[in-house]
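Visitor: coordinates only, sequence not included:
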């Protein structure tokens with residue numbers, strides 16, 4: 001197979017097809033086109049040309065006005081974007097969250113003006129003032145698209161490759177829901193535009209491999225093969241045979257060549273890809289960044305440096321549009337919005353009729369459907385959750401698996417699995433099929449050794465909606481998926497990240513597998529709910545709270561068995577007293593496996609005449625959100641506090657006067673030996689707490 005990189009291909013003259021960009025090129029590979037069931041209404045060809053010119057004009061004007069931004073890719077892909085929104089995708093501007101809409105992901109999020117221009121034209125609520133406020137404080141048009149911030153934006157993109165992997169997750173979610181509820185109510189596609197940078201990033205390799213294995217025929221990626229990155233021509237760094245790579249993954253691959261300005265050829269290519277239902281499709285489109293600029297077409301300067309006013313004027317002259325900022329003829333905008341509104345109303349109404357009929361016929365259970373789309377539980381679902389007796393010894397990774405399995409009927413959207421660590425991380429769903437091409441409704445997801453791809457795909461699944469993804473790996477491998485965890489927090493995606501083997505208690509595997517810094521790093525991430533439960537009961541409570549929470553949750557769980565010592569109630573408010581003594585002279589505060597140890601220490605302290613309170617603090621973010629009165633009741637004024645946690649002590653000064661922790665990497669030895677050698681041991685806790693309580697004892701004697 002030829003490379004498809006297009007080396008040596010001549011750029012079109014700056015003015016080629018500039019005024020009439022839907023003119024067909026002179027040569028094109030011929031394919032049979034799958035006819036539509038009914039002819040779709042079309043915009044007048046002149047409006048097509050004007051719409052493409054408007055997109056290109058705004059792609060230049062907005063960065064010029066903001067003195068910041070990327071115009072080149074948006075200019076080159078204006079015909080493709082126009083085709084997707086006006087002819088190809090099923091979407092409804094009047095109902096941007098209609099569940100059976102086609103999803104659009106701009107993985108190369110720096111080209112955000114392409115999407116903003118299309119959302120403006122299609123009538124998603126953006127107006128000229130929003131376009132003029134591009135990249136400004138509080139605007140609806142931030143530098144990169146942000147889901148939940150701008151209507152019509154499906155995922156937050158910008159870090160290259162993440163959007164591509166999000167799209168794989170969206171396709172997985174759609175396939176699952178289609179299998180579960182039927183094609184009549186769930187049958188749409190995910191379209192993603194990815195650039196060279198997206199496909200260079202490692203996450204794209206993981207996600208593309210997974211998509212090919214899963215044979216996701218509802219996923220269509222257009223690869224913008226423009227040969228340009230910030231440093232210059234991609235020949236500096238990149239000689240991959242991309243079509244061969246994706247063919248090896250099991251994708252349908254088509255090299256489209258020089259048709260970036262040919263609307264009919266682009267539409268035909270997209271139609272062919274839609275007809276391929278047994279595998280994902282990659283359409284390799286040779287585009288020319290900055291086209292039709294007479295100055296910067298095919299120049300890397302077109303990528304991230306706003307054109308000068310003179311360069312914008314010269315380009316508008318080539319396009320044959322007025323040299324005025326933010327040119328947007330009312331007739332064009334009105335016609336475009338009316339066209340998209342009519343198409344959207346028609347497809348959404350057809351879906352509504354099919355959905356109502358499916359509910360009436362008993363094909364769709366409305367309660368289950370609603371619970372799936374809430375990513376929550378049916379009423380009373382948590383009554384089935386397990387309870388554990390005081391003194392039981394259960395690893396929290398085992399407890400979470402019991403909670404997941406008890407929730408299968410009550411939380412119908414739950415899909416769970418691990419990164420080749422399904423049984424190890426507690427994400428095994430007993431009796432459930434694995435999701436595979438021949439078992440699309442399976443709720444057990446086998447991700448393989450792909451933490452980065454798993455994390456990003458789960459974000460896509462959550463933002464698609466209809467499912468609640470829970471994915472597990474060892475806590476130390478958070479580093480492999482940290483970009484996805486960050487974007488989940490930024491996006492508010494309802495994902496449950498399950499991190500087991502949470503401390504040096506992992507033992508013999510040694511410091512490469514013993515996380516000490518990870519927990520502190522998660523706690524400083526805005527928008528992420530982090531819970532490290534003390535025992536099995538707190539783990540069950542943490543799962544209940546994760547299902548109720550409208551955002552991402554990280555559950556940090558133990559490999560080793562822990563003594564059940566709580567009723568789980570501390571999780572709701574982030575912290576709570578699990579052992580108390582009258583006239584407490586010291587507070588021992590801990591998380592996870594160190595809470596049972598502190599309960600033991602309190603008993604030892606009592607033998608030495610020191611009254612100790614033990615506080616479990618499984619969730620710093622939940623506790624911080626409580627009022628001052630509650631926080632003061634947990635940590636009484638004037639009573640010294642000793643924190644105990646098998647990780648770095650960073651951050652504990654907010655709650656404690658002294659801290660026992662591990663401010664170094666671990667060691668290879670049995671877990672209890674490593675804990676003891678590094679100071680997380682009963683005798684050390686008792687001695688440090690006794691010393692901390694001495695000033696209180698001395699004051700009592702003086703009185």
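Guide: All right, it came through fine. Computed from a predicted model, the values in this text were never measured in an experiment.
Visitor: switch to C-alpha atoms for all contacts and neighbour counts from now on
Guide: Fine.
Visitor: Could I get the buried residue list for the lengthiest helix in the chain?
Guide: In the chain, with assignment by DSSP state H, the single longest helix is helix 330-360. For helix 330-360, burial by neighbour count (16 or more other CA atoms under 10 Å) applies to 332-333, 335-337, 339-345, 348, 351, 354-355, 358.
Visitor: any idea how far the residue most central in space within the chain is from residue 422?
Guide: Closest to where the C-alpha atoms of the chain average out (CA atoms, centre = their mean) is residue 459, at 2.7 Å. In this view, residue 459 and residue 422 are 19 Å apart by CA to CA, to the nearest Å.
Visitor: try residue 342
Guide: Taken as CA to CA, the span from residue 342 to residue 422 is 47 Å.
Visitor: Then residue 208?
Guide: 21 Å.
Visitor: ok, now residue 610?
Guide: 44 Å.
Visitor: again with residue 551
Guide: For residue 551, the distance to residue 422 - CA to CA - is 23 Å.
Visitor: Same question for residue 89.
Guide: Distance from residue 89 to residue 422, by CA to CA: 36 Å.
Visitor: The helix or strand encompassing residue 400 - what's its average pLDDT?
Guide: Assigned by DSSP states H and E, residue 400 belongs to helix 396-406. Per-region confidence: helix 396-406 scores 98 on mean pLDDT.
Visitor: any idea of the angle whichever helix or strand comes after that helix forms with helix 396-406?
Guide: Under the assignment DSSP H and E, the closest C-terminal helix or strand after helix 396-406 is strand 414-418. Using axes from the mean of the first three to the mean of the last three CA atoms, to 10 degrees, the inter-axis angle of strand 414-418 relative to helix 396-406 is 150 degrees.
Visitor: quick one: residue 179 and residue 440 touch, right?
Guide: Yes - judged on CA atoms under 8 Å, residue 179 makes contact with residue 440 at a distance of 6.1 Å.
Visitor: Which one of the two is surrounded by more residues?
Guide: residue 440 (21 against 15; other CA atoms under 10 Å).
Visitor: Quick check: nearest residue in space to the more buried one, chain neighbours excluded?
Guide: residue 176 (5.5 Å; CA to CA, 6 or more residues apart in numbering).
Visitor: which residues sit in contact with that neighbour?
Guide: Contacts for residue 176 (CA atoms under 8 Å, 6 or more residues apart in numbering) come out as 440, 441, 442.
Visitor: CSV please, covering those residues and showing distance to residue 135 and secondary structure.
Guide: Listed next are the contacts of residue 176 as CSV, based on distance: CA to CA, whole Å; DSSP: H, G, I helix; E, B strand; the rest coil:
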residue, distance to residue 135, secondary structure
440, 41, coil
441, 41, coil
442, 42, coil
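Visitor: all strands of the stretch 101-250 of the chain, in order?
Guide: Secondary structure of the stretch 101-250 of the chain (DSSP state E, counting those that start in this stretch): strands at 103-106, 190-195, 219-224, 228-229, 232-233.
Visitor: which regions of the protein sit below the pLDDT cut-off?
Guide: 1-39, 695-703 (pLDDT under 70).
Visitor: Tell me which helix or strand comes right after the longest helix of the chain.
Guide: helix 366-374.
Visitor: For that next one, buried residues please.
Guide: Of the residues in helix 366-374, those buried (16+ other CA under 10 Å) are 368, 369, 370, 371, 372, 373, 374.
Visitor: the helices in the stretch 1-150 of the chain, which residues?
Guide: Under the criterion DSSP state H, counting those that start in this stretch, the stretch 1-150 of the chain contains helices at 45-66, 72-76, 78-83, 112-122, 128-132.
Visitor: nearest to residue 310, of those helices?
Guide: The closest of the helices of the stretch 1-150 of the chain to residue 310 is helix 45-66. By CA to CA, the value is 10.7 Å.
Visitor: Any chance of the contacts of residue 176 in TSV with distance to residue 298 as columns?
Guide: Output for those, formatted as TSV (distance: CA to CA, whole Å):
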residue	distance to residue 298
440	43
441	45
442	46
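Visitor: count of neighbours near residue 61?
Guide: So residue 61, with other CA under 10 Å, has 27 neighbours.
Visitor: quick one, what contacts it?
Guide: 312, 325, 326.
Visitor: highest average neighbour count across the helices of the stretch 1-150 of the chain?
Guide: Most buried of these, by mean neighbour count (mean count of other CA atoms under 10 Å): helix 72-76, with a mean of 31.
Visitor: What about the contacts of residue 61, which one has the most neighbours?
Guide: residue 312 (22 neighbours).
Visitor: my guess is that one contacts residue 60, does it?
Guide: Yes - assessed by CA under 8 Å, residue 312 is found in contact with residue 60 at 6.5 Å.
Visitor: For residue 320, see how far away the nearest residue to residue 527 once chain neighbours are set aside is.
Guide: Nearest in space to residue 527, with sequence neighbours left out and distances taken as CA to CA, 6+ apart, is residue 489 at 4.8 Å. Here the criterion is CA to CA. By it, residue 489 lies 44 Å from residue 320.
Visitor: go on, residue 227?
Guide: 27 Å.
Visitor: how far does stretch 321-329 stretch from start to finish?
Guide: 11 Å.
Visitor: Also stretch 520-539?
Guide: Start-to-end, stretch 520-539 (CA to CA) is 19 Å.
Visitor: now stretch 647-661
Guide: Using CA to CA, first and last residues of stretch 647-661 are 5 Å apart.
Visitor: for stretch 604-612, same thing?
Guide: Start-to-end, stretch 604-612 (CA to CA) is 10 Å.
Visitor: which outside residues touch that stretch?
Guide: Under CA under 8 Å, 6+ apart, the answer for stretch 604-612 is 580-588, 602, 686, 690, 693.
Visitor: cool, stretch 391-403 as well?
Guide: So stretch 391-403 is contacted by 385-386, 424-429, 500, 533-537, 539-540, 543, 557-565 (CA under 8 Å, 6+ apart).
Visitor: Buried residues of it, list them for me.
Guide: 393, 394, 395, 396, 397, 398, 399, 400, 401, 402, 403.
Visitor: Please compute how far that stretch lies from its chain's middle.
Guide: Here the centre of stretch 391-403 is set off from its chain's centre by 28 Å, with CA atoms, centre = their mean, to the nearest Å.
Visitor: Check stretch 471-479 too.
Guide: That offset, for stretch 471-479, works out to 16 Å (CA atoms, centre = their mean).
Visitor: before we move on, what about stretch 421-437?
Guide: That offset, for stretch 421-437, works out to 21 Å (CA atoms, centre = their mean).
Visitor: Show me the contact partners of it.
Guide: 213-216, 397-401, 404-405, 416-418, 439, 441-446, 470-474, 498-501.
Visitor: can you check stretch 232-251 too?
Guide: Under CA under 8 Å, 6+ apart, the answer for stretch 232-251 is 1-5, 196, 200, 208-209, 212-213, 215, 227-228, 252-255, 279-282, 284, 299-300.
Visitor: Restricted to helices, list those.
Guide: Reading helices off these with DSSP H, I get 196, 200, 208, 209, 212, 213.
Visitor: Please identify which two of those residues are farthest apart in space.
Guide: Longest span within those, CA to CA: 196 and 213, 22.4 Å.
Visitor: hmm, back to that, residue 681 is nearest to which of the strands of the stretch 101-250 of the chain?
Guide: strand 103-106 (50.5 Å).
Visitor: The closest one: partners in the sheet, and parallel or antiparallel?
Guide: strand 190-195 (parallel) (DSSP bridges).
Visitor: And residue 258, how far from residue 266?
Guide: Distance from residue 258 to residue 266, by CA to CA: 10 Å.
Visitor: buried set for stretch 589-604?
Guide: So, applying 16+ other CA under 10 Å, buried residues of stretch 589-604: 589-599, 601-604.
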